[in-house]
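Engineer: sharing a model that was predicted from the sequence below.
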Amino acid sequence: DMRAAARQIRTAGGGVKGAANVLRQEMGTLSAALRSADLTSKGWLSTGQIAVILRSAYDPAIAATLERHGDLGHDLATAGPVAVTESWGHLRSDSAYHCVVWISEWPRSMVHPGFLSPVLLSSGIHRAFSLICTPLRTDQAARDI
């Protein structure tokens, strides 16, 4: 976030160059933290690898071709979608459909630990899943219950 890191960016030289310096420093900090936690990093993705990942997200049908053919699709300038169709329920980009499912509260009754497995684990669909938890003080959690 350029606004949140504005002071650091100015200190590092300002503009895009300063932002790149701050990002490079944060990447080094993350790598060091991973090493100290006995986790092994295989390194950062190159711009070409990022371009292939972005293009594959917009067009999964071409993903295998991009992986097989050396430098094909390794340009960030062409990594975006070729065609996009928007609707209220989803967004279609090339051969992919994108949809956000928001679960605002966990079930209030006893459920099996894998209650989300039908949504997350059905075959043939690529998914990204984010779980965002907000910590609460014990007294507030008890009151909410």
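Structural biologist: Noted; the coordinates are in hand.

Engineer: any idea which residue sits dead centre in the chain?
Structural biologist: By Cα atoms, centre = their mean, the chain has its centre lying nearest to residue 128, at 7.5 Å.

Engineer: the longest helix belonging to the chain packs against which elements?
Structural biologist: Longest helix in the chain by number of residues, with DSSP state H as the criterion: helix 15-36. Applying 3 or more Cβ pairs under 8 Å, 6 or more residues apart in numbering; DSSP states H and E, we find helix 15-36 packed against helix 6-11. No exception for glycine: its C-beta is placed from N, CA and C like everyone else's.

Engineer: alpha carbons of stretch 25-39, in PDB - could you do that?
Structural biologist: Extracted C-alpha coordinates of stretch 25-39, given in PDB (Å, rounded to 0.1, in the frame of the first residue of the first chain):
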ATOM      1  CA  GLN A  25      13.700  -4.500   2.000                       C
ATOM      2  CA  GLU A  26      10.400  -6.100   3.100                       C
ATOM      3  CA  MET A  27      11.200  -9.200   0.900                       C
ATOM      4  CA  GLY A  28      14.500  -9.600   2.600                       C
ATOM      5  CA  THR A  29      12.800  -9.300   6.000                       C
ATOM      6  CA  LEU A  30      10.300 -11.900   5.000                       C
ATOM      7  CA  SER A  31      13.000 -14.300   3.800                       C
ATOM      8  CA  ALA A  32      14.900 -13.900   7.000                       C
ATOM      9  CA  ALA A  33      11.800 -14.500   9.100                       C
ATOM     10  CA  LEU A  34      11.100 -17.700   7.100                       C
ATOM     11  CA  ARG A  35      14.700 -18.900   7.600                       C
ATOM     12  CA  SER A  36      14.500 -18.300  11.300                       C
ATOM     13  CA  ALA A  37      11.200 -20.300  11.400                       C
ATOM     14  CA  ASP A  38      13.100 -23.200   9.700                       C
ATOM     15  CA  LEU A  39      11.100 -22.700   6.500                       C
END
